[in-house]
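> One predicted model, sequence on top.
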Amino acid sequence: MNDSRQQFNDAVLYILGQIPKGKVVTYGNIAKLAGYPSHSRHVGRVLKNLPKDSTLPWFRVINGQGRISFPEQSERYQLQKGLLESEGIVFISGKINLKQYAWSVG
């Protein structure tokens with residue numbers, strides 16, 4: 001893996017570990033925070049490749065529309081939704097209110 005990809009991956013994982021309970025962040029915002037504002041799809045790739053036993057809160061990452069990116073009927077969607085709801089995050093018509101639940105840094 002080249003150095004810039006490793007730096008990106010490390011930055012994404014670091015940011016992921018900082019997201020507080022009860023908050024969400026978008027793929028795009030993680031990419032911006034990592035210093036690669038046009039790499040939101042790559043954030044998804046990093047999350048997809050997390051080890052199964054990872055304790056990082058991958059489920060706190062959603063898309064820019066305030067929705068979970070997995071298909072609604074999938075097990076992964078149900079798992080992510082359940083984990084978010086267990087932290088007090090409310091869904092209205094399948095969406096999360098980003099003004100209320102988005103993690104703002106600093």
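The structure has been received and is ready for your questions.
> I'd assumed Val46 was in contact with Trp58.
No. With contact defined as Cβ atoms under 8 Å, Trp58 does not reach Val46; the gap is 9.3 Å. Any C-beta I mention is one placed from the backbone N, CA and C, and that applies to glycine too.
> So those two - more neighbours on which side?
When neighbours are counted by other Cβ atoms under 10 Å, Trp58 and Val46 differ, and Val46 comes out ahead with 23 against 15.
> and that one, what is it in contact with?
Neighbouring residues of Val46 by Cβ atoms under 8 Å, 6 or more residues apart in numbering: Phe8, Asn9, Val12, Leu13.
> just Trp58 next, same as before
Per Cβ under 8 Å, 6+ apart, neighbours of Trp58: Leu16, Leu47, Leu50.
> Which of those sits closest to Gly35?
Leu16 (14.8 Å; Cβ to Cβ).
> What pLDDT is listed against that closest one?
Leu16 is assigned a predicted lDDT (pLDDT) of 97.
> would it count as being in a strand?
No. Counting by DSSP: H, G, I helix; E, B strand; the rest coil, Leu16 falls outside a strand, being helix.
> Strands along the protein, start to end?
Assigned by DSSP state E, the chain shows strands spanning 25-26, 61-62, 91-92, 95-96.
> List the contacts of the last one.
In this structure, residues lying in contact with strand 95-96 by Cβ under 8 Å, 6+ apart are Val24, Ile62, Gln65, Gly66, Arg67, Leu84, Ile89, Val90.
> In CSV, list the strands of the chain along with distance to Arg76, mean neighbour count and mean pLDDT.
CSV is the format used below for the strands of the chain (distance: least, Cβ to Cβ, whole Å; neighbours: other Cβ atoms under 10 Å; pLDDT from 0 to 100):
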stretch, distance to Arg76, mean neighbour count, mean pLDDT
strand 25-26, 18, 22, 98
strand 61-62, 12, 24, 98
strand 91-92, 15, 11, 97
strand 95-96, 16, 17, 98
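> returning to what we had before: put together CSV for the contacts of strand 95-96, with distance to Ala31 on each row.
Putting the contacts of strand 95-96 into CSV (distance: Cβ to Cβ, whole Å) gives the following:
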residue, distance to Ala31
Val24, 15
Ile62, 14
Gln65, 16
Gly66, 17
Arg67, 17
Leu84, 20
Ile89, 22
Val90, 26
